[in-house]
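A.B. asks: coords below, sequence missing:
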C-alpha cells in the first residue's frame, strides 16, 4: 500500500503539480490511506482485500481526474494570457504526456480533440497579423466566438470531470462502507458461529449425561427384573407351602373327625358297659337277697 501511494505522489510530481494543488491532492491521498488502515486485511479475508484493491484503483482514477483538472486550468490560463497579450502562445500542454500510459486514459481524458483544437486556435492570431486585411475584425470575432465555445467546452469538460470525481468519491465511500459493513457482518457471523459451537458442545455434554442416566436406568431395570423373578420364586414357594399346609389342615381335620367318631363310639360302649354293670349289680343284689332268704 505504501508503494502504491508513493507511486501516486511521484506521478503527481512528474505531472508538474505543486503548491496548494499538490498539497490538496496529497492530503486526499493520506486521508484515503488512513481510511484503508481502518480495514482489517488478512490472508483469510480475500474478499475484503479485493474491495480494498478496487477502492485503490478508483482512487487512482480520481487522482488522475484531479491531474486532468489542473491541466485544463493551465490551458485556460494560457488562453487568457493569449487574449490579454501576456504571452502563453508557445506553451503547449499535452494531456497525453501528463498521464501514465499504463492506465486507461478514456475515463480521464474526455474529448481527445480538445488539445488539437486549442493548438489550432492559438495559430489564428498569427494568421490575423500576417493578413492585415479588412477581414481582421471578422476573424477576431470568429476567434472570440471560437474561444468562447472553447471556454464553454472546457467548462463542460470540467463539470464532467468534477461529476466523475464526485461519483468516484461516492463509489469509494460506498465501497469502504460496504467493506466495513461486511467486516462487521463477518464478526457477527463468527460470534454466532462460536455461540452455536458452544451450544453444540453443551448438547453433546447433555447427551452424554442422558446416555449415562439411561445406562443407569437399564441397570436398575435389570436389577428390578431379577428382584421380580426372585419374588415370583418366593411366591411359588409360599403357594407350595400354603398348599402343603392346607393338606395338613385337611388331614388334621379328618383325623380329628375320626377321633371324634372313635370318642363317640367309645362313649357309647362305655355307656353300654355301665348299663351292663348296673344290670349285673341288680342281678347280684337279687341273687344275694334270694340267698339270704334261703339262709345260705
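C.D. replies: Perfect, thanks for sending it. Since we're looking at a predicted model, the values are computed, not measured. Numbers count the residues shown, from 1 in each chain.
A.B. asks: what's the model's confidence in stretch 216-226, averaged?
C.D. replies: Averaging pLDDT along stretch 216-226 gives 89.
A.B. asks: Give me the pLDDT value at residue 155.
C.D. replies: Here, the pLDDT recorded for residue 155 equals 80.
A.B. asks: Going forward, the N-terminal residue is numbered 544.
C.D. replies: Yep, numbering from 544; the last one is residue 698 now.
A.B. asks: and it, how many neighbours?
C.D. replies: Look at residue 698: counted by other Cβ atoms under 10 Å, it has 12 neighbours. Every C-beta, even on glycine, is put in place using the N, C-alpha and C of the backbone.
A.B. asks: got it, and residue 798?
C.D. replies: Residue 798 has 10 neighbouring residues, counting by other Cβ under 10 Å.
A.B. asks: Going by secondary structure, it is in what exactly?
C.D. replies: Per DSSP states H and E, residue 798 falls inside helix 679-837.
A.B. asks: helices or strands up against that helix?
C.D. replies: Helix 679-837 is packed against helix 589-627, helix 657-665, helix 667-674, with contacts defined by 3 or more Cβ pairs under 8 Å, 6 or more residues apart in numbering; DSSP states H and E.
A.B. asks: Confirm for me that residue 626 is in contact with residue 690.
C.D. replies: Yes: the pair residue 626 / residue 690 is scored as a contact, 7.0 Å apart, by Cβ atoms under 8 Å.
A.B. asks: More neighbours: which of those two?
C.D. replies: Per other Cβ under 10 Å, whichever of residue 626 and residue 690 has more neighbours is residue 690, with 17 against 13.
A.B. asks: Least confident secondary structure element in the protein?
C.D. replies: Every helix and strand of the chain was ranked by mean pLDDT, DSSP states H and E. The lowest is helix 649-652, at a mean of 35.
A.B. asks: Against residue 702, how distant is residue 736?
C.D. replies: Look at residue 736 and residue 702: by Cβ to Cβ, to the nearest Å, they are 50 Å apart.
A.B. asks: Let me fix that, I meant to ask about residue 742.
C.D. replies: 58 Å.
A.B. asks: Residue 786 now?
C.D. replies: Distance, residue 786 to residue 702, by Cβ to Cβ: 120 Å.
A.B. asks: Please apply the same query to residue 687.
C.D. replies: 22 Å.
A.B. asks: ditto for residue 771
C.D. replies: 99 Å.
A.B. asks: for residue 621, same thing?
C.D. replies: Separation of residue 621 from residue 702 (Cβ to Cβ) stands at 20 Å.
A.B. asks: Same question for residue 751.
C.D. replies: For residue 751 relative to residue 702 (Cβ to Cβ), the value is 72 Å.
A.B. asks: and what of residue 777?
C.D. replies: 109 Å.
A.B. asks: Could you report the neighbour count for residue 694?
C.D. replies: Quick note: residue 694 (other Cβ under 10 Å) scores 13 neighbours.
A.B. asks: If you could redo that for residue 735, that was the one I meant.
C.D. replies: Neighbours around residue 735, by other Cβ under 10 Å: 10.
A.B. asks: Report pLDDT for it.
C.D. replies: Confidence at residue 735, expressed as pLDDT, is 88.
A.B. asks: can you check residue 743 too?
C.D. replies: pLDDT, residue 743: 90.
A.B. asks: Next, find the distance separating it from residue 753.
C.D. replies: For residue 743 relative to residue 753 (Cβ to Cβ), the value is 15 Å.
A.B. asks: got it, and residue 782?
C.D. replies: 42 Å.
A.B. asks: neighbours around residue 803, how many?
C.D. replies: Other residues near residue 803 number 10, with proximity taken as other Cβ under 10 Å.
A.B. asks: Let me fix that, I meant to ask about residue 619.
C.D. replies: Residue 619, neighbours per other Cβ under 10 Å, totals 15.
A.B. asks: for it, what are its contacts?
C.D. replies: 694, 697 (Cβ atoms under 8 Å, 6 or more residues apart in numbering).
A.B. asks: Check residue 743 too.
C.D. replies: Taking Cβ under 8 Å, 6+ apart, we find residue 743 in contact with no residue.
A.B. asks: Just the pLDDT for residue 740.
C.D. replies: 90.
A.B. asks: meant to ask about residue 717
C.D. replies: At residue 717, pLDDT is 85.
A.B. asks: Confidence-wise, which of the helices and strands packed on helix 679-837 is weakest overall?
C.D. replies: helix 657-665 - the lowest mean pLDDT of these, at a mean of 38.
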